[in-house]
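# quick one, structure for this:
(one chain, ligands or ions: 2)
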Amino acid sequence: MNEENKGIRVGFVGNPNCGKTTLFNAFTGAKLKVANWPGVTVERMEGMTSYNDCPIKLIDTPGIYSLSCYTMEEKVTRRCLEDGEVDVIVNVADASSLERNLYLTLQLLEMKKPMILALNMMDLVEERGIEINLHRLSDMLGTIPVVPVSARNRTGLELLLDTVVHHYKEPPQGVTVKYTPRIENKICKIKTILKSHDNNLDNIRWYAIKCLEYDKTVMNDCLVDLSGIVDRNYEKEIINQKYDYIEEIMEQCLVKKEGSCTLTDKIDHYLTHPVLGVPFFLGIMALVFFFTFTIGDILKKYFEIALDLFSSYMQQLMVGIGASGWITSLVVDGIAAGVGGILTFLPNIIILFLALAFLEDSGYMARVAYVMNEVMGRVGLSGKAFLPMLLGFGCTVPAVMATRALSSDRDRKRTILITPFMSCSARLPIYILFSGMFFPNHALAVAYSLYLVGLIMAVAIAFITHRLAGAKGEDTLLIELPEYKMPDGRTVTIYVWDKVKDYLSKAGTTIFLATIVLWFVLNGGPNGFVTDVSKSFAAIIGRVLIPILRPAGLGDWRIAVALISGLSAKEVVVSSFSVLFGISNINSAAGMKQLFGSLGNFGFGSVNAYALMIFCLLYSPCIAAVAAIKKETGSIKWTIGMVLFQLAVAWLAAVLVFQMGSLLFYTKF
Ligand SMILES: Nc1nc2c(ncn2[C@@H]2O[C@H](COP(=O)(O)OP(=O)(O)OP(=O)(O)O)[C@@H](O)[C@H]2O)c(=O)[nH]1
Ligand SMILES: [Mg+2]
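Ligands and ions are numbered 1, 2, ... in the order given. So this is what the prediction gives:
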C-alpha cells in the first residue's frame, strides 16, 4: 500500500476495447468515455473507491496490445507501469476473445509485479456457452488470481476488490513462458551482467527479455555493453514462443469452444464490403441527419413555446421591478434572445448525439475506419486517422485528442489540421437556420451537402499536404474490428447527457458572455449609447471587414460581426443574428421569417446563405478547439498557422461558391 496516498494503487491495464473504462466507471461512478472501438481512452485517469474501509486508488489506462509501444497513448500506459505508479496490476481481458488478450498478459507477467487477471465480458462468454477453466488458467499464469467479471452487468465487482485487497502484494510465481534453450541461455547471461551492474533490479528477467527484443526504452536505459550476447533482434522468436504457450493454455483451459460469430460476419459482409462500404457509410450518415432534422423539428416546437413564455415573463418582470429601458433590452433582446434562441436547437443536438452514441457503441465506427482505409491511404494517412475525423462530427476537442492513437507525429499533425473541417455539432444550428430559411424544400439535402463538403475538403487537404511533403503514404491499418454489440443504455445515456451538459454550460458561459458583449458593442459607440446601430462599435468593427467579405457575398457589417463572434463558439453565429437583428425567437417560423425579410432587404439570397454556411463550416474552429490543438501539438506557431490556413480556405471556398452561384443564379449583393 502506498503510505503517502493511503490507498492501494490499482492499474487497469489491458488490450484496447476490453472494458477497462467501463470497469473504472462502475467502481468510481465516473462518466469517462466508453465506446465499442479500440483506442477510446488516450490518457491515464484516476479515481477512488474503497473496500471494507480500505481506500483503493484506481488508474484507468489507454489500451495496449503489448508492452512494445509505438503511439503516444501506449507510452502513457507503459510509463505508468515502469514508474512504479501502481501497487498491483489488474489485467483486464476480454474473456470472449481470450486468446488475443493473453499475449499482453504474458508480457505483463514478465514484469513480476503483483497482478490479478480480471476476465471481463463474462456475460458474453456465458451467452455463447463458452466455459473457461479458471483454476487451470491461474495455474498456467504463475498462479495469479483470476476473477470473472462483467463490467457492463456489474457482476463480480465485489470479488475483484476483495481479491485486490488480499493479493496486492503477491507477484506471479515462477517463470511462466520458458523459451528455447538458446534464448534462455542468453537471458541468463544478460541477467548475470545486469545483476552485477545493478543489484536492486527486481524484475531483471523482464529487462533481459526486453534487451533481446531491442526494446528502445530499455536499451537506452541499459548502460552495459551487451553486444556480445544480443547479436541481433530476437523479438520474432520471443513473440512466436509466447503464442505457442497461449495455444497450450487455450487447449487446456477452454472447455467449450465458441462457435463462429456469424452475426458480426454477416453484417460485415455488407458494411465492410470493398465497393458498398463507402456508400453504406454515406447512407448511414444521411440517416443520422434525417433523424436529427425531422425528430428534432418535432420536439423543437415545445422548446419554442417555453422560450416565448420565458421572454414575455422576463419582459413583464423587468417592467414590474421598474428596470430601466436599457437593462430590459439587455435581458430580453440580448440574453433571452441570444442564449434562449440557442437552447431551442437542443432537441436536434440530442438526436445527433444519440445517433453518434449508437454508432460508436455498436462497433460501427471501427468499420468506417476500415472501409475508408483505402481512400485515406491515397492521401497518405491510415484509416485510423478517420476515427478522430468521425468524432469531429460531435466536437473537435475530443477528436483532436483522439489523434494520439496515430503513431507518427507527422500524421497526427496532418489529421489535426483536417479534423476541424468535419462539421461539429455546434455548426448544426447554423445549418438548420439558414437551410430552413433559404432552402425550405431542400433543407435536409443542403445541410447534408455541407457535411459532405467538409469531408471532401478534409480529404482534399490531406491529399495536397501529402503531395507537397512528397512523403510515402502510410498504408497499413492496424485496427481491430470489434464484434457488434447492442449499445449499452448506460453508456449512451452518459454520452448524450455529457454532451447536453456541455451544450447547456456553453449556453450559460461562452454564449451568455458573447451575447452580453455583443449587446454592448451594438448599443454603444464612441460617444456613448447609440440609438442608430449603424453608429455602434459593432458596425465600426464590422465595416472594416466588408471589403474582404464582399467577394464571398457576405459584405455586410452585421454578418462580419456574427462571424467574428462565432470564433468564441460556432453557435454564437446564430445567437449573434438574434441580437443583431433584434429577433426574440430565431428558430421559430416567425423568427425565421423576420430574419429572412431583414436579410432580403439588402439582397442577401440563397447563394449568399450557402456561401455563409460554407464559410462557417470551414473557418477557424472555436477557441476551445484551438486551445486543444495548441495543447496537442505543443506549438503556438503551428496553431496560429493552422488558424490562418483555415480562414484562408474558408474565404476561398466561400468566394468560389458565391461567384459561381451568382453566375448561375444571378444573385446580386
Ligand atoms: N457485453 C459486455 N460489453 C462490455 C463489457 N464491458 C465493456 N463492454 C463494452 O465494451 C466496449 C469497450 O468498452 P471500454 O470500457 O470503452 O473499453 P476500454 O478497454 O476502456 O477501451 P480503450 O479505452 O479503447 O482501451 C463498450 O462498447 C462497452 O460497452 C462487459 O462486461 N460485457
Ligand atoms: Mg478506455
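# what's the neighbour count on residue 479?
When neighbours are defined as other CB atoms under 10 Å, residue 479 has 21 of them. The C-beta positions use only the backbone N, C-alpha and C, and glycine is treated the same way.
# and it, how far from residue 69?
As defined by CB to CB, to the nearest Å, residue 479 lies at a distance of 17 Å from residue 69.
# name the nearest residue to the closest residue to ligand 2 within the stretch 201-350 of the chain, ignoring sequence neighbours.
With CB to the ion as the measure, residue 264 is the residue of the stretch 201-350 of the chain nearest to ligand 2, at 21.0 Å. Excluding its sequence neighbours, the residue lying closest to residue 264 (CB to CB, 6 or more residues apart in numbering) is residue 483, at 4.7 Å.
# how about residue 433?
The shortest distance from residue 433 to any residue that is not its chain neighbour, by CB to CB, 6+ apart, is 5.7 Å, and that residue is residue 574.
# tell me the SS of that neighbour?
The three-state label for residue 574, taken from DSSP: H, G, I helix; E, B strand; the rest coil, comes out as helix.
# distance check, it against residue 333.
Counting by CB to CB, the gap between residue 574 and residue 333 amounts to 15 Å.
# out of the two, which sits in the busier spot?
A count of neighbours by other CB under 10 Å puts residue 574 above the other of residue 574 and residue 333, at 30 against 21.
# OK, contacts around the more buried one?
For residue 574, the contact set (CB atoms under 8 Å, 6 or more residues apart in numbering) comprises 341, 342, 345, 429, 430, 433, 586.
# for residue 587, see how far away the fourth one is.
Right, residue 429. Between residue 429 and residue 587 the computed distance is 8 Å (CB to CB).
# which neighbours do these two share?
Contact criterion CB under 8 Å, 6+ apart; residues bridging residue 429 and residue 587 by contacting each: residue 345.
# does residue 249 touch residue 140 like I think?
Yes - between residue 249 and residue 140 there is a contact under CB atoms under 8 Å: 5.1 Å.
# higher neighbour count, the two?
Taking other CB under 10 Å, residue 249 and residue 140 do not tie; residue 249 has more neighbours (21 against 18).
# how much space between that one and residue 13?
Using CB to CB, one gets 19 Å for the distance from residue 249 to residue 13.
# SS state for the residue of the stretch 201-350 of the chain closest to ligand 2?
helix.
# isn't it right up against residue 484?
Yes - using CB under 8 Å, residue 264 is in contact with residue 484, at 5.1 Å.
# tell me which of these two has more neighbours.
Neighbour comparison, residue 264 and residue 484: the larger count goes to residue 484, with 19 against 16 (by other CB under 10 Å).
# not counting sequence-adjacent ones, nearest residue to that one?
Beyond its immediate neighbours in the sequence, the residue positioned closest to residue 484 (CB to CB, 6+ apart) is residue 363, lying 4.6 Å away.
# could you check how far that neighbour is from ligand 2?
The spacing between residue 363 and ligand 2, counted by CB to the ion, to the nearest Å, is 15 Å.
# list the residues that contact that residue.
The contact partners of residue 363, taken as CB under 8 Å, 6+ apart, are 36, 37, 264, 481, 482, 483, 484, 485.
# right, and the helix or strand after the lengthiest helix in the chain?
The helix that spans the most residues within the chain, counting by DSSP state H, is helix 277-320. In the C-terminal direction, the helix or strand that comes right after helix 277-320 (DSSP states H and E) is helix 325-329.
# let's see stretch 527-542 as PDB, backbone CA atoms only.
These are the backbone C-alpha positions of stretch 527-542, laid out as PDB (Å, rounded to 0.1, in the frame of the first residue of the first chain):
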ATOM      1  CA  ASN A 527     -20.000  58.800 -28.000                       C
ATOM      2  CA  GLY A 528     -21.800  56.600 -25.500                       C
ATOM      3  CA  PHE A 529     -25.100  54.800 -26.100                       C
ATOM      4  CA  VAL A 530     -26.400  54.900 -29.600                       C
ATOM      5  CA  THR A 531     -29.900  54.600 -31.000                       C
ATOM      6  CA  ASP A 532     -28.800  54.100 -34.500                       C
ATOM      7  CA  VAL A 533     -26.900  50.700 -34.600                       C
ATOM      8  CA  SER A 534     -25.000  51.700 -37.700                       C
ATOM      9  CA  LYS A 535     -23.000  54.100 -35.500                       C
ATOM     10  CA  SER A 536     -22.200  51.500 -32.900                       C
ATOM     11  CA  PHE A 537     -18.800  49.900 -32.200                       C
ATOM     12  CA  ALA A 538     -20.000  46.700 -33.800                       C
ATOM     13  CA  ALA A 539     -20.800  48.500 -37.000                       C
ATOM     14  CA  ILE A 540     -17.400  50.200 -37.000                       C
ATOM     15  CA  ILE A 541     -15.600  46.900 -36.500                       C
ATOM     16  CA  GLY A 542     -17.700  45.000 -38.900                       C
END
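# going forward, count from 713.
Yep, numbering from 713; the last one is stretch 1239-1254 now.
# is it true that residue 767 lies in a strand?
Yes - using three-state DSSP, the secondary structure at residue 767 is a strand.
# list the contacts for residue 1040?
Residues in contact with residue 1040 (CB under 8 Å, 6+ apart) are 1027, 1030, 1031.
# for the strand or helix carrying residue 1069, the distance to its chain's centre please.
Element membership of residue 1069 [criterion: DSSP H and E] is helix 1058-1074. The chain centroid and the centroid of helix 1058-1074 are separated by 14 Å under CA atoms, centre = their mean, to the nearest Å.
# give me the pLDDT value at the residue sitting furthest away from the middle of the chain.
Among residues of the chain, the one most distant from the C-alpha centroid is residue 1034; the distance is 48.6 Å, by CA atoms, centre = their mean. At residue 1034 the predicted local distance difference test score is 82.
# please apply the same query to residue 1379.
We note a pLDDT of 52 for residue 1379 in this prediction.
# residue 1186 too?
As predicted, residue 1186 sits at a pLDDT of 53.
# next: residue 1234.
Residue 1234 carries a pLDDT score of 88 in this model.
# identify the residues contacting it.
Remark: with contacts taken as CB under 8 Å, 6+ apart, residue 1234 is in contact with 1245, 1248, 1249, 1250, 1273, 1291, 1292.
# looking at those residues, which is nearest ligand 1?
Ligand 1 lies nearest to residue 1291 out of these, by CB to the nearest ligand atom, at 41.2 Å.
# was I right to think the closest one contacts residue 1049?
Yes - between residue 1291 and residue 1049 there is a contact at 6.1 Å, judged by CB under 8 Å.
# need the residues touching each of the two.
In the contact map built from CB under 8 Å, 6+ apart, the residues linked to both residue 1291 and residue 1049 are residue 1227.
# which SSE is the closest residue to residue 988 other than its chain neighbours in?
Closest residue to residue 988 in three dimensions, ignoring its sequence neighbours and counting by CB to CB, 6+ apart: residue 982, at 6.1 Å. When secondary structure is defined using DSSP H and E, the element that contains residue 982 is helix 974-983.
# ok now that helix, how far from the chain's centre?
Centroid separation for helix 974-983 versus its chain: 26 Å, with CA atoms, centre = their mean.
# then stretch 1286-1304?
On the basis of CA atoms, centre = their mean, the separation between the geometric centre of stretch 1286-1304 and that of its chain is 32 Å.
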